[in-house]
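Chemist: whatever this is, show me its structure:
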Amino acid sequence: MILKKKSRKLFYLGAVLLFVVVGIVIWYRYEHRQVYILDIPNSHNLSSISYELESGLVTVMTEEEMDKILNGIYELHLKTQTESVQDFPVDVEDLVAIRLYYKEEDTVGNFYLYKKKDKCYLEEPYNGIYKISEGTYNYIISLIEE
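Modeler: As a prediction, the model looks like this:
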């Protein structure tokens, strides 16, 4: 009888310890996960923004129009844990390249809007891949078309 009580206490103690260890592991992974946030520049650092749409290239050069586009994307507060590890998305549909032309550095920043397997994404190369709704996909395109 004493042996059964002792083994039952050991079982409960082991279950509690297992629960605590699993809880600590989950908390640690949650607290130390990598989160990617879009790197959106200020419009005064840009000379222009262009969208490469199926209908052709659309370029915006006024600071006011660039602010509208950048603020529209910024207000989405996109975050992800999916890292982008390439220059350009592959095997995608309805690709829209958004090019940010910087004044000082003669460099180009890129965002890519696309659909893949009936889901929509916004990708910043070597930063993150952000899953978005089709409404958000259309909204980002509409920022240039207004």
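
Chemist: counting neighbours, what do you get for Leu100?
Modeler: 22 (other Cβ atoms under 10 Å). All C-beta atoms are positioned from the backbone trio N, CA, C, and that covers glycine.

Chemist: which residues are in contact with it?
Modeler: 41, 46, 49, 108-111 (Cβ atoms under 8 Å, 6 or more residues apart in numbering).

Chemist: ok, and the closest non-adjacent residue to it?
Modeler: Spatial nearest neighbour of Leu100, excluding adjacent residues (Cβ to Cβ, 6 or more residues apart in numbering): Gly109 at 3.8 Å.

Chemist: the one you found and Tyr126 touch, don't they?
Modeler: No: here Gly109 does not reach Tyr126: they are 10.8 Å apart, not a contact under Cβ atoms under 8 Å.

Chemist: give me the distance between Glu123 and Ser47.
Modeler: 23 Å (Cβ to Cβ, to the nearest Å).

Chemist: more neighbours: which of the two?
Modeler: Ranked by neighbour count (other Cβ under 10 Å), Glu123 and Ser47 place Glu123 first, with 24 against 13.

Chemist: who does the more buried one bridge with?
Modeler: Tyr112, Ile129 (DSSP bridges).

Chemist: now do the domain split for the protein, please.
Modeler: 1-33, 36-145 (automatic domain parsing).

Chemist: report the distance from the first one to the chain centre.
Modeler: Going back to what we said before, that points to domain 1-33. Computed by Cα atoms, centre = their mean, to the nearest Å, the separation of domain 1-33 from the middle of its chain amounts to 36 Å.
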